[in-house]
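>>> Sequence plus the predicted model coming up.
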Amino acid sequence: MIVKRSRWEKEESVLLKVAEIYCKIWEEPPWNEYFWTTDRVIQDLHKELMKPNAVLLYALEKEERITGFTWGYEASISDLSDISGAFYSQWKKIVEKKRIFYIDELGVDRKYRQCGYGLGLTQELLKKITSLNIDYATLRTDIKAVSARNLYKKTGFQEINITDAEHSDRTYWLKEL
Ligand SMILES: CC(C)(COP(=O)(O)OP(=O)(O)OC[C@H]1O[C@@H](n2cnc3c(N)ncnc32)[C@H](O)[C@@H]1OP(=O)(O)O)[C@@H](O)C(=O)NCCC(=O)NCCS
């Protein structure tokens, strides 16, 4: 497996492939999001990747086929409060004056699951975040997303007492780096 950091400004074909995989993945349960289009994903990706210390990683099978992706960015307490709908004070209690990175997305093409791509992408992203001297990584996932929950447990994340205001089945996870 090869994991690469995307120089996304110059890699339209990578963004398109990531967006294609993204649209298929999020139609699956428990997400059931049928509204994604590649144009909308690429537009969102452009916005997310302009954020501080943003990183997009993608995994390749044998130097050619993109099998999965993960991305995220450094977030402030206000950003986390906006993303989650939770009170600023809740995040402030956790983060205090430390730096925190929000892992926005992780997905592996269905055909390539359980081959180590998700774990490889997450470990590589954690390495990059650590090299930025960031103190914590956080993310949210669905309580029914067993694969993702197991993967994040395995990489040292712990579920915290914050539930998403908009999606009550999604909880937040934290790892001290
Ligand atoms: C979550 C996801 C990225 C995992 O990717 P993957 O490449 O299949 O995962 P890996 O092969 O690297 O597996 C790593 C660990 O994840 C867990 N895991 C992966 N698939 C699993 C499954 N079907 N059931 C239970 N645990 C699973 C295991 O702990 C596994 O470690 P192990 O092989 O030692 O048991 C993938 O299932 C996916 O894209 N799901 C849909 C999108 C999603 O839920 N994304 C996360 C949103 S936050």
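Alright, I've got the coordinates. Numbering: from 1, shown residues only.
>>> Reduced to three states, what does whatever residue of the chain ends up closest to the ligand come out as?
Closest approach of the chain to the ligand (Cβ to the nearest ligand atom) occurs at Gly118, with a separation of 2.4 Å. Every C-beta, even on glycine, is put in place using the N, C-alpha and C of the backbone. Recorded secondary structure, Gly118: helix (DSSP: H, G, I helix; E, B strand; the rest coil).
>>> if I read this right, it contacts Arg110, doesn't it?
No. Here Gly118 lies out of contact with Arg110, judged by Cβ atoms under 8 Å, at a distance of 11.8 Å.
>>> Who has more neighbours out of these two?
Gly118 (25 against 10; other Cβ atoms under 10 Å).
>>> chain center to the lowest-mean-pLDDT helix or strand in the chain, what's the gap?
For the chain, using mean pLDDT, DSSP states H and E, the weakest element among its helices and strands is strand 2-5, scoring a mean of 92. Averaging C-alpha positions (Cα atoms, centre = their mean, to the nearest Å) puts strand 2-5 15 Å from its chain's average.
>>> Next, the contact list for the residue most central in space within the chain, please.
Within the chain, the residue whose C-alpha comes closest to the C-alpha centroid is Glu105; the distance, by Cα atoms, centre = their mean, is 2.5 Å. Taking Cβ atoms under 8 Å, 6 or more residues apart in numbering as the criterion, Glu105 is in contact with Tyr22, Phe69, Thr70, Trp71, Gly72.
>>> rewinding a little: name the residues that touch the least confident helix or strand of the chain?
In contact with strand 2-5 (Cβ under 8 Å, 6+ apart) are residues Val55, Leu56, Leu57, Tyr58, Ala59, Leu60, Glu63, Gly120, Leu121, Glu124, Lys128.
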